[in-house]
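Visitor: mind looking at a prediction? Sequence and model below.
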Amino acid sequence: MSVPGASNTVLESVVTYSRMSMIQLLGKVPAQAASSQTAEEMALLAYNRALKLSKPGSPVLGVGFTGALASARPKRGDHRFHVSTRTSDRFWTSTVTLTKGLRTREQEDAVSSQYLVKAIANASKVPGTFVPDLTESEVPDEHEKQFDEDEELKQLLSGTICFKVYPFSSDTSNAERKIILSGSFNPLHDGHLKLLEIATSICGGGYPCFELSAVNADKPPLEISQIKDRVKQFEKAGKTVIVSNQPYFYKKAELFPGSAFVIGADTVARLVHPKYYGDDYGKMLEILLGCKNTGCTFLVGGRNVNGTFKVLEDFDIPAELKDMFVPIPAEKFRMDISSTEIRKTQGPFVDERTYISTYREELKYYLRTAPENRRRQINTLDWWRSNETQYPVLSRLARDILNVPMSTVASESVFSQGRQQLGDNRHSLGSNAMNVLVCLRDWIRAERRNKEWNRSRAMS
């Protein structure tokens, strides 16, 4: 640590010199402190710790070292040391038994330290410039295991590792604070992308990333194939995603200390309700204060809760926790369409109420938030393109309508706004007329799908 810039490489160093220190680190009494198994357990703990402390996607290494070297009193057993290194795709362990009585304690320290540095260099794929001073009889007993993506995800689901990062983003920010949007992302949609973008701007910067929990509180864990399919969405979008095994936010706060979590008002409704803590207000407060003590905050976006649009101010937040919650103003972002509703509209048959209410909520928001845009004469195609993330459903319908061939469209006032007529450029279609067309198309499609659904039920 005497080398300048060491903090750019070393995240943390823990010396478990006493027996109690070792027990606290491992969370148990080891069968033998100086063993290859203990070194492996230490390396795994160090690896998981490094994941939590580093920027998402940074290559990290966990190292475990334990040994029984020369001491003040002669040892009955061997003089030996054990080294283990863990990376995302490799677990390596080595045991070296030293020739007893050949070296002093200081010399054994020097040899084992050289071997440790060499092991770190090898795990980091840095060519070493020295060879540890071992004799011909002191042959290391080495074991190595390589992991592929599926094996790593199995370890995630079993709890062996705490999370896996897919760093698809081109963001070069060195910010340590993570801005995290958690969800199932089935599917990932523009609302998710826009929400994280706005939350990051409200935070004044940070490293934006998504978090997918492979383990759900009330559903079976995701299959490995499901995880990989959902991860592909982020690869296409060029966004970093972290796959974790923690469905609860108080556990996520332990995984990602100091982070800002982006949540909806529906999540706040559960977070601050004693019902979800066994009707124990004190337990709720204790758990949430634990989140606060990790340095985490929650950015809250408005959301429909039981049919009513709710924002942070609609909830009774305990005074001790108020500064942990930050509102995302509705004028900056509002998205009433959820992944669940999108999945419903993608099905072969859709209930009329579901189909209409999904689009109607977005249409209400459009009518309420875009009056100035509808009064001005604008380039409609450009307007819908630039507002696609804010109105994903309406934008898709508008795009369909704008693709109507010119030969089928009247050239007079049917599609005009005021005295403006539809000329050679169909893109001048006014947004007020577009509003009517979108409403009409919405209701027609809903009626058609409802008839198909009823017909299907009758046939079955």
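Guide: Perfect, I can see it now.
Visitor: where does the stretch 1-150 of the chain have low pLDDT?
Guide: Across the stretch 1-150 of the chain, residues meeting the criterion (pLDDT under 70) sit at 1.
Visitor: now the strands for it?
Guide: In the stretch 1-150 of the chain, the segments counted as strands under DSSP state E, counting those that start in this stretch are 62-68, 79-86, 90-98, 141-146.
Visitor: which SSE is the residue nearest the centre of the chain in?
Guide: Computing the C-alpha centroid of the chain and ranking residues by C-alpha atoms, centre = their mean puts Glu211 first, at 1.5 Å. For Glu211, the enclosing helix or strand under DSSP states H and E is strand 207-213.
Visitor: please state the offset of that strand from the chain centre?
Guide: 2 Å (C-alpha atoms, centre = their mean, to the nearest Å).
Visitor: one step back: output the strands of the stretch 1-150 of the chain as JSON lines; include the columns mean neighbour count.
Guide: C-beta: built from backbone N, CA, C; applies to glycine. Rendered in JSON lines, the data for these read as follows (neighbours: other C-beta atoms under 10 Å):
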{"stretch": "strand 62-68", "mean neighbour count": "21"}
{"stretch": "strand 79-86", "mean neighbour count": "25"}
{"stretch": "strand 90-98", "mean neighbour count": "19"}
{"stretch": "strand 141-146", "mean neighbour count": "11"}
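Visitor: what's the closest of those to Lys125?
Guide: For Lys125, the closest of the strands of the stretch 1-150 of the chain is strand 90-98, at 10.0 Å, according to C-beta to C-beta.
Visitor: roughly how far is that closest one from the heart of the chain?
Guide: Here the centre of strand 90-98 is set off from its chain's centre by 34 Å, with C-alpha atoms, centre = their mean.
Visitor: which residues touch that strand?
Guide: Outside of strand 90-98, the residues that reach it under the criterion C-beta atoms under 8 Å, 6 or more residues apart in numbering are 36, 39-40, 43, 69, 78-86, 108, 111-112, 115, 119, 122-123, 134, 138, 140-147.
Visitor: again, 6 Å this time
Guide: Identification of contacts with strand 90-98 by C-beta atoms under 6 Å, 6 or more residues apart in numbering yields 36, 40, 78-85, 140-146.
Visitor: in the stretch 351-460 of the chain, where is pLDDT below threshold?
Guide: Within the stretch 351-460 of the chain, the segments meeting pLDDT under 70 span 351-451, 453-460.
Visitor: on that earlier part again, give me the angle between whichever helix or strand comes after the strand holding Glu211 and strand 207-213.
Guide: Tracing the chain C-terminally past strand 207-213 and defining elements by DSSP H and E, one meets helix 224-237 next. Computed with axes from the mean of the first three to the mean of the last three C-alpha atoms, to 10 degrees, the direction of helix 224-237 lies at 160 degrees from that of strand 207-213.
Visitor: export helix 224-237 as CSV, just CAs?
Guide: Listed in CSV are the C-alpha atoms of helix 224-237, where the atom choice follows Å, rounded to 0.1, in the frame of the first residue of the first chain:
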residue,chain,number,x,y,z
ILE,A,224,-31.1,-19.9,-16.4
SER,A,225,-32.6,-19.7,-19.9
GLN,A,226,-35.1,-17.1,-18.8
ILE,A,227,-32.3,-15.0,-17.2
LYS,A,228,-30.3,-15.1,-20.4
ASP,A,229,-33.3,-14.2,-22.5
ARG,A,230,-34.0,-11.1,-20.4
VAL,A,231,-30.4,-10.1,-20.3
LYS,A,232,-30.4,-10.1,-24.1
GLN,A,233,-32.8,-7.1,-24.0
PHE,A,234,-30.2,-5.0,-22.2
GLU,A,235,-27.5,-6.1,-24.6
LYS,A,236,-29.6,-4.8,-27.5
ALA,A,237,-30.3,-1.6,-25.6
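Visitor: contact partners for the residue nearest to the centre of the chain?
Guide: 180, 182, 242, 244.
Visitor: now, those residues that are in strands?
Guide: Of the contacts of Glu211, the ones assigned to strands by DSSP state E are 180, 182, 242, 244.
Visitor: out of the residues you listed, which is nearest to Leu196?
Guide: Ile180 (8.5 Å).
Visitor: still on that earlier bit, nearest to Val165 among the ones in strands among the contacts of Glu211?
Guide: Ile242 (5.2 Å).
Visitor: could you list the domains of this protein?
Guide: Segmentation of the chain into domains, based on automatic domain parsing, reads 6-146, 151-328, 339-459.
Visitor: need the winner for burial among those domains.
Guide: Looking across those with neighbours counted as mean count of other C-beta atoms under 10 Å, the highest average goes to domain 151-328: a mean of 17.
Visitor: quick check, distance from it to the centre of its chain.
Guide: Computed by C-alpha atoms, centre = their mean, the chain-centroid distance of domain 151-328 equals 7 Å.
Visitor: mean confidence (pLDDT) on stretch 220-228, please.
Guide: Mean pLDDT, taken over the full extent of stretch 220-228, equals 95.
Visitor: end-to-end on that stretch?
Guide: Using C-alpha to C-alpha, to the nearest Å, the end-to-end distance of stretch 220-228 comes out at 16 Å.
Visitor: could you measure from the nearest residue to His79 once chain neighbours are set aside over to Lys28?
Guide: Excluding its sequence neighbours, the residue lying closest to His79 (C-beta to C-beta, 6 or more residues apart in numbering) is Leu98, at 4.3 Å. Leu98 sits 28 Å away from Lys28, taking C-beta to C-beta, to the nearest Å as the criterion.
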